[in-house]
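Visitor: Predicted model and sequence follow; I will ask about them next.
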Amino acid sequence: MQTRRIGDTQVSTIGLGGMPMSIEGRPDEQRSVATVHAALEAGVTLFDTADAYHLTANDVGHNESLIAGAIASYGGDTSDVLIATKGGHLRPGDGSWTLNGSPEYLKKACDASLKRLGVEAIGLYQFHRPDPTVPYADSVGAIRDLLDAGKIRHAGISNANPDQIRLSNEILGGRLVSVQNQFSPAFRSSEPELELCAELGIAFLPWSPLGGITQAGELGSRFAVFAEVAKAHGVSPQQVSLAWALAKAPVVIPIPGSSRPETIRDSVAAADLKLSAEELTRLDAA
């Protein structure tokens, strides 16, 4: 597995997004654990989760506990694994998503995540989504405090715009290591953030890089060029999508969601897929 950098840590070029294993439509735990183990066997060392990946109000942190337990039960060496989690997004249990970016809440959420992950310091902690009722600087200030306190090793933000990226890096004293935004063939409006991250040397982690849980399987039928390039290489359109994202900049580290061993294995293979300049141009224009 090739690697890319988040802060001072080398991680696999392709990560695993854990959300599909814990929200609506989630599989049984055995299949989820098998998916995490398949990822580890394939060389994945970046696992992305969040306290909000759960179903009911009594289920908070389901995915954090699942990922941590699956990694702990793996028979091989996991010393180089980086678990990234997030705080500031909530699910009351009725299927909705709400926000709480207050410093007090974020610090409590981080403490709870620490316990569920069973670590002394979280590898990468990310402010999940801006809360319009709380000044953005206050929310990021809480992340800075957690970093200074040694409760987290690296600090990141998610669903941020360029101004918020610059402000966060300033508040964190140049220690912002990652930005996690939506980016895929169907959602390209985060290109300015991707380019800024490349300029600043900050990892850019595209979430839903295949189009999301309900549409990932239809990527080839929705974007014919991706299917054509995939056929030429004898691979899946999903692999082409991930290879296309990787080619955008050396800071890009896609985190496709998966809840099946076969899909994460297919995604990981994208790290070795080389696309020509002409193919990339065609894909960009799709």
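Guide: Perfect, I can see it now.
Visitor: Now do the strands in the protein.
Guide: 3-6, 9-12, 16-17, 46-48, 82-87, 89-90, 98-99, 124-127, 155-158, 176-182, 203-207 (DSSP state E).
Visitor: Just give me the lowest mean pLDDT stretch among those.
Guide: Lowest mean pLDDT of the strands of the chain: strand 89-90, a mean of 91.
Visitor: What pairs with that one, parallel or antiparallel?
Guide: Strand 89-90 has its sheet partners listed here by DSSP bridges as strand 98-99 (antiparallel).
Visitor: about what we covered before: out of the strands of the chain, which gets nearest to Arg31?
Guide: strand 16-17 (13.9 Å; CB to CB). For every residue, glycine as well, the C-beta is placed using N, CA and C.
Visitor: got the contact list for Leu46?
Guide: By CB atoms under 8 Å, 6 or more residues apart in numbering, the contact list for Leu46 reads Ile6, Val11, Ser12, Ile14, Gly15, Leu16, Val81, Leu82, Ala84, Ile253, Ile255.
Visitor: one step back: out of the strands of the chain, nearest to Ala112?
Guide: With CB to CB as the yardstick, what comes closest out of the strands of the chain is strand 82-87 (8.5 Å).
Visitor: Send me the closest one as CSV with only the CA atoms.
Guide: The C-alpha atoms that make up strand 82-87 are tabulated as CSV, following Å, rounded to 0.1, in the frame of the first residue of the first chain:
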residue,chain,number,x,y,z
LEU,A,82,-4.7,6.1,12.6
ILE,A,83,-8.3,6.4,13.7
ALA,A,84,-9.9,9.7,12.8
THR,A,85,-13.1,10.8,14.5
LYS,A,86,-15.3,13.9,14.7
GLY,A,87,-17.4,15.9,17.1
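Visitor: Adjacent strands (with direction) for it?
Guide: strand 46-48 (parallel), strand 124-127 (parallel).
Visitor: could you check the angle strand 203-207 makes with it?
Guide: Angle, strand 82-87 to strand 203-207, by axes from the mean of the first three to the mean of the last three CA atoms, to 10 degrees: 70 degrees.
Visitor: what's in contact with strand 82-87?
Guide: Residues contacting strand 82-87 (CB under 8 Å, 6+ apart): 6, 9, 11, 15, 45-52, 64, 67-68, 71, 105-106, 109-110, 113, 117, 119, 122-128, 156, 158, 178, 180, 205.
Visitor: related to what we said a few turns ago, by neighbour count, which of the contacts of Leu46 wins?
Guide: Highest neighbour count within the contacts of Leu46: Ile14, with 30 neighbours (other CB atoms under 10 Å).
Visitor: for the protein, which helix is longest?
Guide: Identified as the longest helix of the chain according to DSSP state H is helix 103-117.
Visitor: Report all helices and strands that that helix contacts.
Guide: helix 62-72, strand 82-87, strand 124-127, helix 136-148 (3 or more CB pairs under 8 Å, 6 or more residues apart in numbering; DSSP states H and E).
Visitor: again, 6 Å this time
Guide: helix 62-72, strand 82-87, helix 136-148 (3 or more CB pairs under 6 Å, 6 or more residues apart in numbering; DSSP states H and E).
Visitor: Determine which stretch of the ones you listed is the most buried.
Guide: Among these, the stretch with the highest mean neighbour count (mean count of other CB atoms under 10 Å) is strand 82-87, at a mean of 26.
Visitor: That strand vs helix 103-117, what angle?
Guide: Using the same axes, to 10 degrees: strand 82-87 against helix 103-117 is 140 degrees.
Visitor: what's the spacing between strand 82-87 and its chain's center?
Guide: How far strand 82-87 lies from its chain's middle: 8 Å, per CA atoms, centre = their mean, to the nearest Å.
Visitor: again, but for stretch 63-81
Guide: On CA atoms, centre = their mean, the centre of stretch 63-81 falls 17 Å from the chain's centre.
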